[in-house]
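Novice: A structural model of the following input is requested.
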Amino acid sequence: MKKTGSAEASPGSSSSADAAAPAEPVERARLQAEVAKQRVRIAKEELKRARKRVKEAKREAKRARKLAASARKIWKRVRRKARVKDTGTPSRSKTRRTKRRAARRTSRRTAQR
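Specialist: Residues are numbered from 1 along each chain as shown. The predicted model follows:
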């Protein structure tokens with residue numbers, strides 16, 4: 001007796017159901033791998049953004065240091081001018097450096113004698 005097409009289909013469908021069961025974990029693993037790739041991509045983008053923020057913060061700090069230095073210089077200049085106006089002569093005739101040198105010289109001279 002010859003088998004009909006419908007008779008072959010029913011056993012074949014059961015074998016395809018068996019093949020689908022092992023394929024499901026494979027599909028799940030593939031999806032998990034995709035999700036992991038997306039997470040890596042998102043993390044890389046976030047890292048890029050963070051690096052840009054750090055660069056900008058460094059630039060901002062550099063600008064602030066420059067402004068602070070120029071403000072200190074202006075403040076010192078104004079302070080010196082104010083002293084000259086009050087006393088009529090500059091307040092410092094010698095700098096600290098020259099005073100130290102002079103003190104060293106005198107101490108060496110006394111030590112040699």
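Novice: Which helix or which strand is home to the spatially most central residue of the chain?
Specialist: Centroid-nearest residue in the chain, with CA atoms, centre = their mean: V54, separated by 3.4 Å. Here V54 sits within helix 5-87, counting by DSSP states H and E.
Novice: before we move on, back to that, where's the residue nearest to the centre of the chain relative to R30, distance?
Specialist: 36 Å (CB to CB, to the nearest Å). For the C-beta atoms, the positions are set from N, CA and C on the backbone; glycine is no exception.
Novice: Mind telling me what element S107 is part of?
Specialist: helix 96-112.
Novice: buried set for that helix?
Specialist: Buried residues in helix 96-112, counting neighbours by 16 or more other CB atoms under 10 Å, are absent.
Novice: CA atoms only: put that helix into PDB for me.
Specialist: Below are the C-alpha coordinates for helix 96-112, written out as PDB (Å, rounded to 0.1, in the frame of the first residue of the first chain):
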ATOM      1  CA  ARG A  96      63.800  89.100  49.800                       C
ATOM      2  CA  ARG A  97      66.300  87.400  47.600                       C
ATOM      3  CA  THR A  98      68.800  90.200  47.800                       C
ATOM      4  CA  LYS A  99      68.300  90.400  51.500                       C
ATOM      5  CA  ARG A 100      69.000  86.700  51.900                       C
ATOM      6  CA  ARG A 101      72.200  86.900  49.800                       C
ATOM      7  CA  ALA A 102      73.400  89.800  51.800                       C
ATOM      8  CA  ALA A 103      72.800  87.900  55.000                       C
ATOM      9  CA  ARG A 104      74.700  84.800  53.700                       C
ATOM     10  CA  ARG A 105      77.600  87.000  52.700                       C
ATOM     11  CA  THR A 106      77.900  88.600  56.100                       C
ATOM     12  CA  SER A 107      77.600  85.200  57.900                       C
ATOM     13  CA  ARG A 108      80.300  83.800  55.700                       C
ATOM     14  CA  ARG A 109      82.600  86.700  56.400                       C
ATOM     15  CA  THR A 110      82.200  86.400  60.100                       C
ATOM     16  CA  ALA A 111      82.800  82.600  59.900                       C
ATOM     17  CA  GLN A 112      86.000  83.100  58.000                       C
END
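Novice: Packing partners of that helix?
Specialist: Packed against helix 96-112 by the contact rule (3 or more CB pairs under 8 Å, 6 or more residues apart in numbering; DSSP states H and E) you find no helix or strand.
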